[in-house]
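A.B. asks: The following comprises the amino acid sequence and a computationally predicted model.
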Amino acid sequence: MQPNALKLLEDMRDAAAFIVESTHSFSEDAYLQHRMLRQSTERNFEIIGEAMRRLTQQDAATASQISGYVQIIAFRNILIHGYDQIDHALVWQVIRRDLPVLLAEVSVLLRTPLAP
């Protein structure tokens with residue numbers, strides 16, 4: 001793993017943990033009604049996606065160890081460029097279905113030693 005990859009993985013883990021912590025006590029309906037929570041969640045997904053984009057450029061081997069890394073970047077692009085067409089129910093599904101997997105995979109990578 002390249003040294004710069006560590007910072008990007010830490011950024012992803014921090015943003016993912018924020019989303020998990022912020023949404024854990026909400027139902028989908030409550031999430032959909034809470035604008036500030038939705039926007040802070042989307043912002044942290046943007047951070048995850050941008051960190052993943054940079055990781056693919058700087059350390060493709062590490063990025064490829066994360067499930068769906070291409071979709072993560074695409075999701076970030078939708079959130080940023082298609083802000084007016086965001087499907088909040090889909091975002092909720094990503095929070096519950098995909099985010100725990102990402103968080104686990106990034107945590108494992110952060111315990112992997114750096115390449116010499």
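C.D. replies: Good, I have the coordinates. Numbering: from 1, shown residues only.

A.B. asks: List the residues that contact the residue nearest the centre of the chain.
C.D. replies: In the chain, the C-alpha closest to the average C-alpha coordinate belongs to I48, at a distance of 3.7 Å (Cα atoms, centre = their mean). Applying Cβ atoms under 8 Å, 6 or more residues apart in numbering, one finds that I48 lies in contact with D11, M12, A15, A16, I72, R76, L102. For the C-beta atoms, the positions are set from N, CA and C on the backbone; glycine is no exception.

A.B. asks: Reformat those residues into CSV and put distance to M1 and pLDDT next to each item.
C.D. replies: Output for the contacts of I48, formatted as CSV (distance: Cβ to Cβ, whole Å; pLDDT from 0 to 100):
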residue, distance to M1, pLDDT
D11, 15, 97
M12, 13, 97
A15, 19, 97
A16, 18, 97
I72, 18, 96
R76, 22, 94
L102, 17, 97
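
A.B. asks: Phi first, then psi, for the residue nearest to the centre of the chain.
C.D. replies: phi -60, psi -50 (degrees, to the nearest 10).

A.B. asks: Which neighbouring residues are in contact with A17, exactly?
C.D. replies: With the criterion set at Cβ under 8 Å, 6+ apart, A17 makes contact with L103.

A.B. asks: separation between it and K7?
C.D. replies: Taking Cβ to Cβ, to the nearest Å as the measure, A17 and K7 are separated by 16 Å.

A.B. asks: Next: A104.
C.D. replies: In this structure, A104 and K7 are separated by 19 Å, where distance is defined by Cβ to Cβ.

A.B. asks: So what's the residue count around I95?
C.D. replies: 21 (other Cβ atoms under 10 Å).

A.B. asks: In this structure it contacts T41, no?
C.D. replies: Yes - if you go by Cβ atoms under 8 Å, I95 and T41 touch, sitting 6.9 Å apart.

A.B. asks: Find residues that contact each of those two.
C.D. replies: I19, T23, Y31.

A.B. asks: Just the buried subset of those residues, written out for ChimeraX, thanks.
C.D. replies: Selecting only the buried entries of those in ChimeraX, with 16 or more other Cβ atoms under 10 Å as the criterion:
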select :19,23,31
